[in-house]
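Trainee: structure of the sequence below:
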Amino acid sequence: MNEVLQAIEMVGREKGLSREVVVSALEEAMVAAARKVLKTKEQLVGHFNPDSGEVEIFKIMIVVEDDISEEDYDPTFHIKWSEAYRIAGDIQIGDELEFPLETTPQMGRIAAQQAKQVLTQKIREAEREIIFNEFKEKVGTIINGIVKRIERGNYIVDIGRTEAILPISEQVRRTERFSQGERIRALIVEVRDQAKGGNQVVLSRSRPEFVSKLFFMEVPEIYDGTVMIKGVARDPGERTKMAVIAKDKEIDPIGACIG
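Mentor: Numbers count the residues shown, from 1 in each chain. Here you go, the predicted structure:
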């Protein structure tokens, strides 16, 4: 395995991304860099060559009729059918042909520098998408985390794959204070599809649902459905009232929950 393939595999493992995602990001990055360096409007595409470890850049030409009008014909994007036929043989109107672009070592170095920034951005975008898809399925569940820092009264919580935010509006401000490094449990209430970064996962410790989920986790009779929660009313930091009912008349639902 060459060095580039090893780097791709390493980035994939570190970021939790598939090889296909990393390769696609690399191809897009090199295309963006080549377009910037060459200052061209041509339609470009990149293909990763695993043998050489390089992304080869091609320009795409669309096959058009020989008798196309001059107004509609653009030599930057079009190639006439007769010329395309001499190159590729069996070709149809509307097909696309790819032509390799000649590159120089100097252009390669400049493109690599430009591509690094684009590649980083693409990987971040892929990471955000994976995090969004993972945690949107967990909305309404309780998660454990560690308070990483405090920003303007908001707790930033490390939940493993990413950082979540416990905003002031979702805190029990009167009775709870957490320090950096302290473990915390909270309810996932929202997962934002953040295109420009930021905290995607929003937590709460003040909502009535948080109490419901805690009792579901801690009380066996609620977990197995013997006792059901009918409603929760809460004044965070002051009092909480919860209505429960038992399926079996012999079970005391209040006694099961107390303590």
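Trainee: how about the helices in the stretch 101-250 of the chain?
Mentor: 105-135, 208-218, 220-223 (DSSP state H, counting those that start in this stretch).
Trainee: quick one: closest of these to Glu9.
Mentor: The closest of the helices of the stretch 101-250 of the chain to Glu9 is helix 105-135. By C-beta to C-beta, the value is 13.9 Å. Where you see a C-beta, it was placed from the backbone N, CA and C, and this is true even at glycine.
Trainee: how many neighbours does Phe233 have?
Mentor: To be clear, residue 233 is Ala; Phe isn't right here. Number of residues near Ala233 (other C-beta atoms under 10 Å) recorded here: 11.
Trainee: change the start of the numbering to 36 and stick with it
Mentor: Renumbered: residue one is now 36, and that last one reads Ala268.
Trainee: leaving out chain neighbours, which residue sits closest to it?
Mentor: Once flanking residues are discounted, Ala268 sits nearest to Lys276: 4.7 Å by C-beta to C-beta, 6 or more residues apart in numbering.
Trainee: hmm, the one you found is touching Val267, no?
Mentor: Yes - with contacts counted by C-beta atoms under 8 Å, Lys276 reaches Val267, the gap being 7.3 Å.
Trainee: between the two, which has more neighbouring residues?
Mentor: Val267 (17 against 11).
Trainee: element containing the residue lying closest to Glu77 once chain neighbours are set aside?
Mentor: Spatial nearest neighbour of Glu77, chain neighbours left out: Lys94 (4.6 Å); criterion: C-beta to C-beta, 6+ apart. Assigned by DSSP states H and E, Lys94 belongs to strand 89-99.
Trainee: wait, what's in contact with the residue nearest to Ala268?
Mentor: Residues in contact with Lys276, defined by C-beta atoms under 8 Å, 6 or more residues apart in numbering, are Val267, Ala268, Arg269.
Trainee: next one: Val57
Mentor: Ile43, Val46, Gly47, Lys50, Ile158, Ala161.
Trainee: what sits against Glu91?
Mentor: Gly81, His82, Phe83, Asn84, Pro135 are the contacts of Glu91 under C-beta under 8 Å, 6+ apart.
Trainee: let's see it at 7 Å
Mentor: Gly81, His82, Asn84, Pro135 (C-beta atoms under 7 Å, 6 or more residues apart in numbering).
Trainee: per-residue confidence at it?
Mentor: With respect to pLDDT, Glu91 scores 86.
Trainee: who's it bridged to?
Mentor: His82 (DSSP bridges).
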